[in-house]
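Participant: just to be clear, the model below is a prediction. Sequence and coordinates:
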Amino acid sequence: MAAVQTHNPGRTSRHSRRGRSPAPDAFSASLGQRLRSARLMRSMTQASVARALGEVGYPLAPSSVAMVERGEYDIHVRTLIAFSHVYRVDPGVLLDRWWRRKMLKLARATGSVDPTPVAP
């Protein structure tokens, strides 16, 4: 089923034309979980996050915040940075766990990179 472009330019929903949502991909699901964790750690509601995002120039409806947290809504890097600003966390922190797992898996599969961390 084809993805449908939403009314917001640059944001894509993976909802099918029949209204059913496919399972979120690994990246979107992981990012959504991290965003939800960051929101709960700050005792914010989805509505308060939506308001705060609007104040920094990236308005999303509370229902869209929920979709992002479930991994059903793709966001641009600029929107990710807006979320990180609202949560007062570095954007890399929101991506870190997924990225590290992905790179380790790639390194093990190809054998081309030593996944062992280097001591500082």
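Facilitator: The structure has been received and is ready for your questions. Since the structure is predicted, the reported quantities are computational estimates derived from the model, not experimental observations.

Participant: which strand or helix spans the spatially closest residue to residue 75 that is not a sequence neighbour?
Facilitator: Leaving out its chain neighbours, the residue that sits closest to residue 75 by Cβ to Cβ, 6 or more residues apart in numbering is residue 68, at 5.9 Å. Where you see a C-beta, it was placed from the backbone N, CA and C, and this is true even at glycine. Taking DSSP states H and E as the criterion, residue 68 maps to helix 62-70.

Participant: the helix or strand immediately after that helix in the chain packs against which elements?
Facilitator: Once the chain leaves helix 62-70, the next helix or strand it forms, by DSSP H and E, is strand 73-74. For strand 73-74, the contact count by 3 or more Cβ pairs under 8 Å, 6 or more residues apart in numbering; DSSP states H and E identifies strand 12-13 as packing neighbours.

Participant: near residue 59, how many other residues are there?
Facilitator: 13 (other Cβ atoms under 10 Å).

Participant: backbone dihedrals for it, please?
Facilitator: phi -70, psi 130 (degrees, to the nearest 10).

Participant: dump the residue contacts of it.
Facilitator: Residue 59 makes contacts with 50, 53, as judged by Cβ atoms under 8 Å, 6 or more residues apart in numbering.

Participant: can you rerun that using 7 Å?
Facilitator: residue 53 (Cβ atoms under 7 Å, 6 or more residues apart in numbering).

Participant: doesn't residue 40 make contact with residue 87?
Facilitator: No: applying Cβ atoms under 7 Å, one finds residue 87 not in contact with residue 40, separated by 10.3 Å.

Participant: neighbour count for these two, which is higher?
Facilitator: Per other Cβ under 10 Å, whichever of residue 87 and residue 40 has more neighbours is residue 87, with 21 against 11.
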